[in-house]
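Student: test case, fold it:
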Amino acid sequence: MSDVELTTVREAHKFDEDALTSYLGEHIAGFTGPIEVSQFEGGQSNPTFQLVTPTARYVLRKQPPGELLPSAHQVDREYRVMKALEHTDVPVPKMYCLCEDAGVIGTKFYIMERVEGRLFTETLLPTLTPIERGAIYRDLARIMASLHKVDVEQVGLAEFGRPGNYYQRQVGRWSKQYIASQTEKIEAMDDLMAWLPDNIPEQHRSVIVHGDYRLGNTLIHPTEPRIVALLDWELSTLGDGLADLGYICQEYHADSYTSEGLAAADLETLGIPTEEEFVSEYCRNSGIGTIDNWLFYVIYNMFRSAAIVQGVYKRGLDGNASSERALEYGQIARLRSERAWTLVTTLQGQQAGT
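Tutor: Numbering: from 1, shown residues only. From the prediction side, this is the model:
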């Protein structure tokens, strides 16, 4: 387990605390200052801060400083989707207010509830028992299925994303953002950008996609093996729920970014479901059957992850990353994309044998 790490506010992310205090006093019922501000170390995209007042604790999430890539760091979308999910089976923090006026603290931001819970950043959950590990992973599958079963019209998110062509749009978006953040030539990324658009399976339904669904974006109950909050909705949209499933399952095919992953682990001894068991648990909870061309969803997500971490690394080089650890991501895009390209060969072999 990793405690939720707090640091002093980094120089590049400082803002006018008096202006913030004044704004919150006008927009949050019962808010009273002064505030004590500290910064969460975790997270590589939008800087996140804890606000402690004499009567409550809040979380502020804002856009990073500097020039931003198109369509990135949309904190207003994060706020909107979590607000919409407030009364569903998906556990999200309470939303207090969204400020789209960059004149207050320099960027858009929103304020949400500070949920008490444990943050686990290691996918193998080394400090827990096998029973606890299994329970948390099953909860990951259950909550993902609950998210994908939300009626988008009922919660007011029918216009949250464009209909159809989800993977075409996503591959195009992440190809452009990868190219904009590129620091060296990676042949596997070039190959994936050429292969993916011509090999997209048919999408059968449109659901709320989290976009970064993984253990590290959840808070676990302080004493029980269950999820109490699903965080970091920056990449959420309407699309294919199998994109979320493939995203979390990519860890079965490659080591995680900063620690030993699921790929080479003794899952049975650890009590962690295998990839097949995890997918089956999701399918059982979501009511869908067999998934054709399963490896496509893993390949797509490894490509997408490579593009994302390339952007993190580039922001680290530019000096405006949300975490000081950004420079540790230098080779991840190459490793992820090369592993994805080997899976293309595997998928092609499977398709040839059918």
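Student: may I see the buried residues of the longest helix along the chain?
Tutor: As assigned by DSSP state H, the longest helix anywhere in the chain is helix 294-318. Using 16 or more other Cβ atoms under 10 Å as the test for burial, helix 294-318 gives 294-316. Bear in mind the C-beta positions are built from the backbone N, C-alpha and C, glycine included.
Student: now swap in stretch 147-160 and tell me
Tutor: When neighbours are counted by 16+ other Cβ under 10 Å, the buried residues of stretch 147-160 are found to be L147, H148, K149, V150, V152, V155, L157, F160.
Student: want to throw these into CSV with pLDDT, secondary structure and distance to L6?
Tutor: Below are the buried residues of stretch 147-160 laid out as CSV (pLDDT from 0 to 100; DSSP: H, G, I helix; E, B strand; the rest coil; distance: Cβ to Cβ, whole Å):
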residue, pLDDT, secondary structure, distance to L6
L147, 98, helix, 28
H148, 97, helix, 33
K149, 97, coil, 35
V150, 97, coil, 32
V152, 96, coil, 35
V155, 97, coil, 32
L157, 97, coil, 32
F160, 93, coil, 32
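Student: now, among those residues, which is nearest to G241?
Tutor: Nearest to G241, judged by Cβ to Cβ, of these is H148 at 3.7 Å.
Student: grab the most central residue of the protein for me.
Tutor: Central residue check for the chain by Cα atoms, centre = their mean: the C-alpha nearest the mean position is that of D212, 2.2 Å away.
Student: quick check: that one vs G330, distance?
Tutor: Taking Cβ to Cβ, to the nearest Å as the measure, D212 falls 21 Å from G330.
Student: list phi and psi for the residue nearest to K149 when sequence neighbours are not counted.
Tutor: Leaving aside its chain neighbours, K149 sits nearest to S286 (6.3 Å; criterion: Cβ to Cβ, 6 or more residues apart in numbering). With angles defined as degrees, to the nearest 10, S286 sits at phi -100, psi -10.
Student: ok, now how distant is S286 from M144?
Tutor: The gap separating S286 from M144 is 8 Å, by Cβ to Cβ.
Student: all helices for the protein, in order.
Tutor: Defined through DSSP H, the helices belonging to the chain, from first to last, are 17-27, 75-84, 130-148, 166-181, 187-195, 241-249, 267-270, 275-286, 294-318, 332-353.
Student: contacts only, for the residue nearest to the centre of the chain.
Tutor: D212 makes contact with D232, W233, E234, L235, Y247, according to Cβ atoms under 8 Å, 6 or more residues apart in numbering.
Student: gap between it and L98?
Tutor: In this view, D212 and L98 are 20 Å apart by Cβ to Cβ.
Student: do V228 as well
Tutor: 23 Å.
Student: beta partners of the nearest residue to T218 once chain neighbours are set aside?
Tutor: Ranked by Cβ to Cβ, 6+ apart and with sequence neighbours excluded, the top spatial neighbour of T218 is I227, at 4.8 Å. On the basis of DSSP bridges, I227 is bridged to I220.
Student: can you check the pLDDT for I227?
Tutor: The predicted local confidence for I227 comes out at a pLDDT of 98.
Student: ok, it touching L219?
Tutor: Yes - in this structure I227 lies within contact range of L219 using Cβ atoms under 8 Å: 7.1 Å.
Student: give the contact list for the closest residue to A84 other than its chain neighbours.
Tutor: Counting by Cβ to Cβ, 6+ apart, the nearest residue to A84 once its immediate chain neighbours are dropped is V155, at 4.3 Å. Contacts for V155 were tallied using Cβ under 8 Å, 6+ apart; they are A84, L85, T88.
Student: can you pick the most crowded of these?
Tutor: L85 (22 neighbours; other Cβ atoms under 10 Å).
Student: residues contacting that residue?
Tutor: Here L85 is in contact with V92, L147, V150, V155, I208 (Cβ under 8 Å, 6+ apart).
Student: reformat the residues you listed as TSV; add distance to G103.
Tutor: Formatted as TSV, these follow (distance: Cβ to Cβ, whole Å):
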residue	distance to G103
V92	28
L147	34
V150	35
V155	31
I208	32
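Student: other SSEs contacting the longest helix of the chain?
Tutor: Applying 3 or more Cβ pairs under 8 Å, 6 or more residues apart in numbering; DSSP states H and E, one finds that helix 294-318 makes contact with helix 166-181, helix 187-195, helix 241-249, helix 332-353.
Student: quick one, it and helix 187-195 angle?
Tutor: 130 degrees (axes from the mean of the first three to the mean of the last three Cα atoms, to 10 degrees).
Student: how far away from the center of its chain is helix 294-318?
Tutor: Chain-centre distance of helix 294-318: 12 Å, with Cα atoms, centre = their mean, to the nearest Å.
Student: and what of stretch 341-354?
Tutor: Averaging C-alpha coordinates over stretch 341-354 and over its chain gives two centres that are 28 Å apart (Cα atoms, centre = their mean).
Student: sort out which residues of that stretch are buried, please.
Tutor: Taking 16+ other Cβ under 10 Å as the basis for neighbour counts, the residues of stretch 341-354 that come out buried are W341, L343, V344, L347.
Student: turn those into TSV, including distance to E277 and pLDDT.
Tutor: Shown next, in TSV, are these (distance: Cβ to Cβ, whole Å; pLDDT from 0 to 100):
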residue	distance to E277	pLDDT
W341	27	94
L343	20	94
V344	25	94
L347	21	85
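Student: which one of these sits closest to R61?
Tutor: L343 (33.8 Å).
Student: so what's the closest one up against?
Tutor: Taking Cβ under 8 Å, 6+ apart as the criterion, L343 is in contact with H253, L295, V298, I299, M302.
Student: relative to V150, how far out is the first one?
Tutor: Meaning H253. Taking Cβ to Cβ as the measure, H253 falls 28 Å from V150.
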